[in-house]
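In: Sequence first, then the predicted structure:
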Amino acid sequence: GASKWDVREKVWDYLEASGLADFPRPVHRRIPNFKGSHQACCSIKELDVFDRACEIKVDPDKPLEGVRLAALQARKTLLVPTPRLRTGLFNRIVPPSGATKEILRICATSQGIKEYSVPVGLDGKARVDLVVVGSVAVSEKGWRIGKGEGYADMEYAMMVSMGAVQADTPVITIVHDCQVVDIAEELLDDHDLTVDYILTPTRTIKTNCKRPKPQGIIWHKVSYEMLEKIPILKSLRYREKQAGKEVALQDEHSDLANANTPAVLNEKAKAENTRPQAAMGSAQIGQHYVESDSLSPRLEGSGMITTVYVGNIPPSVRVSELKCALREFRATPLRLNWQGAQHRAFLDYKDKATAESAVSSLKGLSLGGNTLRVELAKNQRNKG
């Protein structure tokens, strides 16, 4: 039978050949944008589930721009995942007060995601009422095929893990009519996200999908490589481990596991020996995470001790818990200066590169219910 890749190629080829594909092109390897996407997006306003929703998570794909705009115009809280989950999980799009229609339109684009967004931490208490995802193909039964990197499935599983979505949180996808196709059930995996509504330029399909959505992160399908790429995944795994859950990774189970259970995100790599890294260079949101002052030039060189500040440590957390987390995240410092009474600690690393790598590993780390603030210490002088 046809594989997921056969289905994808068929849809991408058809969109391009029939003149339905829209910018950015070619649509291959993407969640494809199509002529009429804005019209399809606008029909979301007719849905009760949109009307009732306060907080909406919409993927950053181009064909979903109209949904992001509708959410902003309706004054709803709009959460957009960080592209490729390089920093944190979501960004909240915050238009400036009194934003004109034009500014809202910019906020809905990828440029807006860069310029008007605020990172949301793991305990940012996100309560998502509605999830909108892009698809390459979808069936009327609600079965979905993405672009093959597994990010939508992973984001949904992470939201379950964070408590940001419930089992009955509706999921909507926006596609062209030609992307609604029959999908064989044997192509579906237990981590695949299903959809409840499909909006096209000509119709609204309620799928009444009975297949359960992912119940959280399936750790034994996650590889170490993925854990390295997605810092927030490390935080979630640490949190679930602390709660006594089974968090063994794919690579820890056995080498046999690799043969028959591709990691949720490695389907593409398997399909044609490319690594998902190829497209990793997309916009890095979340520069706002690190608020360090610029370092004086003489500290830029290697070999200078560089200090990382860890703040927002709750009173209940002991130094041993922080040490344990640092080991887990492979960010053990040369020296740890614990100042629990001031809710902070300072970590010394051998040079700036090591310190910066520790900062990026510890992004989104939550201890005792608080997301810690982790950044290069403001005063780097006299620390050596």
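Out: Structure received. Numbering: from 1, shown residues only.
In: low pLDDT regions in the protein?
Out: Counting by pLDDT under 70, the chain shows low-confidence ranges at 87-88, 121-124, 253-303, 379-384.
In: Tell me which stretches of the stretch 151-300 of the chain form strands.
Out: With strands called from DSSP state E, counting those that start in this stretch, the stretch 151-300 of the chain shows them at 171-174, 197-199, 204-206.
In: who does the longest one touch, helix- and strand-wise?
Out: Just to be clear, that refers to strand 171-174. Applying 3 or more C-beta pairs under 8 Å, 6 or more residues apart in numbering; DSSP states H and E, one finds that strand 171-174 makes contact with helix 37-42, helix 65-73, strand 130-133, strand 197-199. Placement of C-beta: from N, CA and C, glycine included.
In: how about the helices in this protein?
Out: With DSSP state H as the criterion, the chain has helices at 4-17, 37-42, 48-52, 65-73, 101-107, 110-115, 151-162, 224-229, 231-242, 250-253, 255-260, 267-272, 319-328, 352-362.
In: With mean neighbour count as extra columns, can I get these in TSV?
Out: Formatted as TSV, these follow (neighbours: other C-beta atoms under 10 Å):
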stretch	mean neighbour count
helix 4-17	17
helix 37-42	20
helix 48-52	14
helix 65-73	23
helix 101-107	15
helix 110-115	17
helix 151-162	23
helix 224-229	16
helix 231-242	20
helix 250-253	16
helix 255-260	10
helix 267-272	16
helix 319-328	16
helix 352-362	18
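In: coming back round to it: any idea which of the strands of the stretch 151-300 of the chain gets closest to residue 134?
Out: Residue 134 sits nearest to strand 171-174 of all the strands of the stretch 151-300 of the chain, at 6.8 Å, using C-beta to C-beta.
In: Alpha carbons of the closest one, as CSV, please.
Out: C-alpha atoms of strand 171-174 as CSV (Å, rounded to 0.1, in the frame of the first residue of the first chain):
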residue,chain,number,x,y,z
VAL,A,171,-8.2,20.4,17.0
ILE,A,172,-8.8,22.1,13.7
THR,A,173,-6.8,21.9,10.4
ILE,A,174,-7.0,24.2,7.4
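In: What strands line up against that strand, and which way round?
Out: Partners of strand 171-174 in the sheet, by DSSP bridges, are strand 130-133 (parallel), strand 197-199 (parallel).
In: what residues does the shortest one touch?
Out: Which is strand 197-199. 40-41, 43-44, 47, 49, 138, 140, 142, 170-175, 180, 204-207 (C-beta atoms under 8 Å, 6 or more residues apart in numbering).
In: Excluding chain neighbours, give the residue nearest to residue 308 in space.
Out: residue 347 (4.5 Å; C-beta to C-beta, 6 or more residues apart in numbering).
In: close enough to count as contact, the one you found and residue 361?
Out: No. The criterion here is C-beta atoms under 8 Å, and residue 347 misses it with residue 361 at 11.5 Å.
In: Common neighbours of those two, please.
Out: residue 331.
In: Distance-wise, check residue 18 relative to residue 230.
Out: 36 Å (C-beta to C-beta, to the nearest Å).
In: scratch that, residue 322
Out: Residue 322 is 22 Å from residue 230, by C-beta to C-beta.
In: Can you report how many residues lie near the spatially closest residue to residue 47 that is not a sequence neighbour?
Out: Nearest residue to residue 47, sequence neighbours excluded (C-beta to C-beta, 6+ apart): residue 197, at 6.7 Å. Other residues within reach of residue 197, judged by other C-beta atoms under 10 Å, total 22.
In: so what's residue 197 bridging to?
Out: Beta-bridge partners of residue 197, counted by DSSP bridges, are residue 172, residue 206.
In: residue contacts, residue 21?
Out: With C-beta under 8 Å, 6+ apart, residue 21 has these contacts: 15, 27, 32, 33, 34, 35.
In: shouldn't the last one be in contact with residue 20?
Out: It stands for residue 35. Yes. Using C-beta under 8 Å, residue 35 is in contact with residue 20, at 5.4 Å.
In: Residue 16 and residue 30 touch, don't they?
Out: No. Residue 16 lies out of contact with residue 30 (C-beta under 8 Å); the separation is 11.3 Å.
In: Which one of the strands of the stretch 151-300 of the chain lies nearest to residue 53?
Out: Between residue 53 and the strands of the stretch 151-300 of the chain, the shortest gap by C-beta to C-beta is with strand 171-174, which sits at 10.1 Å.
In: who touches that closest one?
Out: If you take C-beta under 8 Å, 6+ apart as the criterion, strand 171-174 is touched by 37, 40-41, 44, 47, 49, 63-64, 66-67, 130-135, 138, 144, 156, 193-200, 213.
In: Contacts only, for the spatially closest residue to residue 42 that is not a sequence neighbour.
Out: Leaving out its chain neighbours, the residue that sits closest to residue 42 by C-beta to C-beta, 6+ apart is residue 66, at 6.0 Å. For residue 66, the contacting residues are 37, 38, 39, 40, 41, 42, 108, 174, by C-beta under 8 Å, 6+ apart.
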